[in-house]
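Q: Just need the structure, nothing else, for what follows:
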Amino acid sequence: VIIVDEAQHLSSAALEELRLLSCIDAHDRRIVSIVLTGQPSLDDVLNVPGLAQLRQRTRLRQRLRPMTEAETAEYIRHRLKVVGGNADDLFDAQAVTEVHRLCLGIPRLINTLCDTALTACMVSGEFRVTVETLAQVVEELGWRWFEPDEGHPARQDAASGSVAGRSGIKARLS
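A: Predicted coordinates for the structure are as follows:
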């Protein structure tokens, strides 16, 4: 199995080379399976007209949807349990809700925000991540939210106030 992450950055020529590798067989059996993973723009790359043969060989396309608030909370609980921690001890309930709101249910962002918040707590000698901790971390990370993208529902939510930039967090803390 060949797994290619960030495959949206591959050229058409590289994707064609991968397709040719997938054609190798021994005794009427494919010996190479290829898994491409990447950002949503990978769909655009795969839909290029010159890659019709690759699309014909594609057996499955999966898209991970953002997690719900409940799934985000369970994800944080699980990740901390695996390393011997307890989310209920380490995160205020409002902080977990805020993590979901800020990260749009995207695991990579959740990991970054929670890891940085826990590190900030350790450095400052605090025992729990709070909404205030998250506001400081978002400031430190320099996260910014932009105008909505009509094709991206999460960005539409951002414009309606579901996701706020630094000023939205500070307003909630005042």
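
Q: Identify each buried residue in stretch 50-68, please.
A: 51, 54, 66-67 (16 or more other C-beta atoms under 10 Å). C-beta coordinates here come from the backbone N, C-alpha and C atoms, glycine included.

Q: nearest to Ile31, of those?
A: Using C-beta to C-beta, Leu54 comes nearest to Ile31 of these, at 18.1 Å.

Q: Touching the helix or strand hosting that closest one from outside, list them.
A: Assessed by DSSP states H and E, Leu54 sits inside helix 52-57. Outside helix 52-57, the residues that touch it by C-beta atoms under 8 Å, 6 or more residues apart in numbering are 15-16, 18-19, 22, 46-47.

Q: Quick one: mean pLDDT for the next helix or strand after it?
A: For helix 52-57, the following helix or strand on the C-terminal side (DSSP H and E) is helix 69-82. Confidence over helix 69-82, taken as the mean pLDDT, stands at 97.

Q: for helix 69-82, packing partners?
A: Secondary-structure packing of helix 69-82 (3 or more C-beta pairs under 8 Å, 6 or more residues apart in numbering; DSSP states H and E): helix 87-90, helix 93-103, helix 107-124.
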